[in-house]
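A.B. asks: what follows is a predicted structure for the sequence shown.
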Amino acid sequence: MDDLEKAILLVYEPGAADLALRAQAMAFCDRAKADPSALLRLCLDRLNRSPLVPVHFWCLQALHDAILLCYPSIPPADLPLLRSALLSLASDRPLPPAYPHFLRNKLAQALAALIRLEYPSVWPDPFLRTLPCVTSADPASVDMFARLLVALDDDLLSHDYPRSPEESADATRVKDAMRLQCVPQIARHWFDAASFYRSSNPSLATAALDTMRRYVTWIDIALIANEAFVPLLFDLILAPSSTEQLRAAAGGCVLAIAQKRMDPRQKVALLRTLPINRVFSDPELVLKVPDLVTGYAAEALECYKKLGSAEIDGSSPLELLEEVLPSVFYVMQESEEVELGNVVDFLSDYVSTMKSPSQKQAMYLGRILQVIREQICYDPAYRSNLDIPDKIGREEEDQMAEHRKGLLMLFCSVCRVAPDVTQLFIQTLLISALSSSEASVEEVEATLTLFYRLGETVNEEAARTGSGSLHELVDMLLSSRFPCHSHRMVALIYLETVTRFMKFVQDNPQYVPHVLSVFLDERGIHHPNLNVSRRASYLFMRAVKLLKAKFVPYLDMILQGLQDIVAQFTSSDWSSKDLKCPGSEDGSQTFEAIGLLIGMEDVPLEKQSEYLAAFLNPLCEKLSGLLLDAKAQGLEESSAKVLTIQQVIMALHALSKGFNERLVKNSRPAIGIMFKQTLDVVLEILISFPNIKMLRNKITSFIHRMVDILGASIFPCLPVALKQLLVESEPKDMVDFLVLVNQLIYKFGTSIEAILVEIFPAIASRLIVILPKDAFPSGPGCNTEEVRELQELQKTLYTFVHVMANHDLSSVFIAPNCMGYLDAMMQLLLLTACSHKDILLRKLCVQIFVKLIRDWCTNCNGDDKVPGFRSFVIEKFATNCCLYSVLDKTFEFRDANTLVLFGEIVLAQKVMYEKLGNDFIIHFVSQGLQAAHCPHEIAEQYYQKLQANDAKALRSFYQLLIENLRQQQNGSLVFR
């Protein structure tokens, strides 16, 4: 063993050496590749002499790389030696069968690379030289020829991989030359190999047919689809003695013949010549070649789509299609190997061809529906995992949801094409499920899932009237009690399906009692499974929103049926894991439904007060009891008491959603008093424990609701509530707080001025501490959650100031106790207006300045409300925001939002001229435009445009002025 062989062994056996030694071995091998001519001789010598497989592989890999990467560097005199050596290894003295497959594959790749570069102009006969005579050749030569054709297809000829223009041109050249020279001989070789080796060496026959399948797409179809080849292929498919691999290879060739691109009329004639019925007649055989069945069906369907039912030489595409459809259904039902997505795509395509299905097509649609129903059933092995979902159950549910997507889309297509067929099918399934005590959970769940999906395809009119069989179906649905109704999956889809057809009940009020029973008995809110009960609460709330007027006569029955649920809600241990459900369905939707029902004006006042008290009082008593206990023993974040208080407040919030200010304030003030008393109880918790964040968030939401319901009568509660909400407030808390204050301003306007004057110092002092004075940091690692919270707070602050300014509350900023924060606020607004990355935020700040200028600068004589504000606007805002920030090249006029901001900046100049007169224009021109090297005549024109009443002309002129100044200064004037 010489040094090269030792180095190669080290390279391919890295575990046998340390990293440094292996690196030396790799460098040694790389140096051996430096001279292509020497490498050629070295590799050929080692291929002949060395017994080591790694050495053979390295030599073949090196030759392959040299051909691919260094072919122009190989001396022309050495090329004949390279060709003859490779040919010898492939045919005359083939690698022994005992050698690994990867060696023969690598030899095939090297030969294919050389053929691509030299065939046919330089090397005219590689295929004829390597083509073996099957009856006399060494089987290794036959195997090598198959590998050569596979490598050529993979690396050059196949369209299954993306190719460069050069590769496509080379492929075309090789294919054209092969068609002229050797394709008939190669086709004959495939026939001989399949015939000769089918019994003695099935794997070799399989290799020949697998190769042929690849080449059918571009060779003359007559070479394959003839009286010799087709019988052989079907004999291999049908013969019991054929191996699975040989049968699959023969089926692949038949499928390739069927998929050959050609005129649809010719395709129909070709398909008719294939004795495919011999396969369809044997169910066991159908399952052995499922891809052939589905692929043939797809080709027949394509012909039918293009030609319709027209007969061609005594046969029509429709006949071909109808012959194969039963086998497609059988494959879909029984085969585990077939790609379900392909079959579903085919059936969807088939259904899309139907306009008015014939009787026979309706029968096929029934088969499709049956197959869909079987395919969407869960495996009974997971029944308990799905009932009380564990990790296995959740994974199975996710996988089934993905598995069902295409199937349910196909089902919806059938629904639209043949609604009567679909409705009859579901009716039959329902009757079967209800009449049998042995109906399984999986079958009932699948039936209800299809019924639910049927609702997606029914138009609103049909859903209301129950056209066709829908009336009977919905009647069966609402009155049904399945034996397996206790299972979570059945109960959930049942409730979803009932909700889907709620519009039918809207037009058929006789079914209201049935709907109420569904939601209020053990099928719904009283279901033993908590997930089902919570989902039922949510769906019942949706039903109430749609049908509440029709539920009024049953109000006593409804509320009586929910009393135990309300009692259970207030007595539950909300820290228990058993009560935790994903999402927002926590049972509070039951209270929302109750509120929507008893909040209607159709309910008499006495009854309404009685009903509301029946639900408010237990909740308030629960809160009061928890508060007393908490005051005595203390209260910690995330404790069981906090969770319970939180849930009770959420229930009160949900209950209040059925009431509005018009009802409470105008017609039924007694209801308002009850909610006011409830608010007092809730605020007592905030006063006692203002630092419990979970409670503060829920209380803030409840105050939002009370603002909407109680109106101005909430005023006495606001100072204390707002003060407590500011205690130890973090940025997220401040955002929630400012949103609440904005709601108050929108609703009450200047009426809330006194309250704002009282709380504004606390707001301003807190924000000055929290918010940074300069821009937020940017770059890697700066986009933290803390920074994002501060950015959100900044946006909310400017919205708050904007809302105040535009609701005539700018006087708050200059109240005696607020005046001390004015300068800091103005500096913050100015910085944002000039340089913030968020253009919309800059626009907001400019609008705030415009409003403040209008409010505080009353005339041109300097008699202003706010001393110093006039000079701040002229010296800081006008030049920095209206000139320098616009001159900055980051101010992009091609951006739509930036153009809107520019319009606000131009408007600000107009307002400053109106309110500040010559003080503004003199300073802006002398200290702004002239400092930016604006020519005197242009500044004069600007003054004229500013005096005119044409805002559009001023805007256009100012944009042109800015663009000209940018060109003149060429970046020399840096903003601020």
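C.D. replies: Thanks, I have it.

A.B. asks: show the contacting residues for K305.
C.D. replies: Contact analysis of K305 by C-beta atoms under 8 Å, 6 or more residues apart in numbering lists 349, 353. Every residue, glycine included, has its C-beta placed from N, CA and C.

A.B. asks: in which helix or strand does it reside?
C.D. replies: helix 290-307 (DSSP states H and E).

A.B. asks: could you give the average pLDDT over that helix?
C.D. replies: In this model, helix 290-307 has an average pLDDT of 93.

A.B. asks: so L209 sits right up against A248, yeah?
C.D. replies: No - using C-beta atoms under 8 Å, L209 makes no contact with A248, being 9.2 Å away.

A.B. asks: the two: which is more packed in?
C.D. replies: L209 (27 against 22; other C-beta atoms under 10 Å).

A.B. asks: can you tell me how far that one is from N342?
C.D. replies: L209 sits 22 Å away from N342 when distances are taken as C-beta to C-beta, to the nearest Å.

A.B. asks: and C70, by the same measure?
C.D. replies: 44 Å.

A.B. asks: and the pLDDT for the residue nearest the centre of the chain?
C.D. replies: Centroid check for the chain by C-alpha atoms, centre = their mean gives E402 as the closest residue, at 13.0 Å. We have a pLDDT of 95 for E402.

A.B. asks: same deal with T135?
C.D. replies: Value listed for T135 in the pLDDT field: 80.

A.B. asks: specify the local secondary structure of it.
C.D. replies: Put simply, T135 is coil when judged by DSSP: H, G, I helix; E, B strand; the rest coil.

A.B. asks: for it, which non-adjacent residue is closest in space?
C.D. replies: Leaving aside its chain neighbours, T135 sits nearest to F196 (6.4 Å; criterion: C-beta to C-beta, 6 or more residues apart in numbering).

A.B. asks: what is the burial count for that neighbour?
C.D. replies: 17.

A.B. asks: can you confirm it is in a helix?
C.D. replies: Yes - in this structure, F196 lies within a helix as judged by three-state DSSP.

A.B. asks: so how far is L285 from it?
C.D. replies: For F196, the distance to L285 - C-beta to C-beta - is 24 Å.

A.B. asks: what do you get for L223?
C.D. replies: For L223 relative to L285 (C-beta to C-beta), the value is 26 Å.

A.B. asks: surely H527 is in contact with S533?
C.D. replies: Yes - counting by C-beta under 8 Å, S533 is a contact partner of H527 at 5.0 Å.

A.B. asks: list the contacts of P139.
C.D. replies: 97, 197, 201, 204.

A.B. asks: need those in TSV with neighbour count, pLDDT and secondary structure, can you?
C.D. replies: Output for the contacts of P139, formatted as TSV (neighbours: other C-beta atoms under 10 Å; pLDDT from 0 to 100; DSSP: H, G, I helix; E, B strand; the rest coil):
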residue	neighbour count	pLDDT	secondary structure
P97	11	71	coil
Y197	21	95	helix
N201	15	94	coil
L204	21	95	helix
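
A.B. asks: and the helices in the stretch 301-450 of the chain, which stretches?
C.D. replies: 317-334, 340-352, 359-375, 383-387, 391-417, 419-435, 441-457 (DSSP state H, counting those that start in this stretch).

A.B. asks: among those helices, which is the most enclosed?
C.D. replies: For those, the largest average neighbour count (mean count of other C-beta atoms under 10 Å) is found in helix 441-457, namely a mean of 22.

A.B. asks: what helices or strands is that one leaning on?
C.D. replies: Helix 441-457 sits against helix 359-375, helix 391-417, helix 419-435, helix 488-500, with contacts defined as 3 or more C-beta pairs under 8 Å, 6 or more residues apart in numbering; DSSP states H and E.
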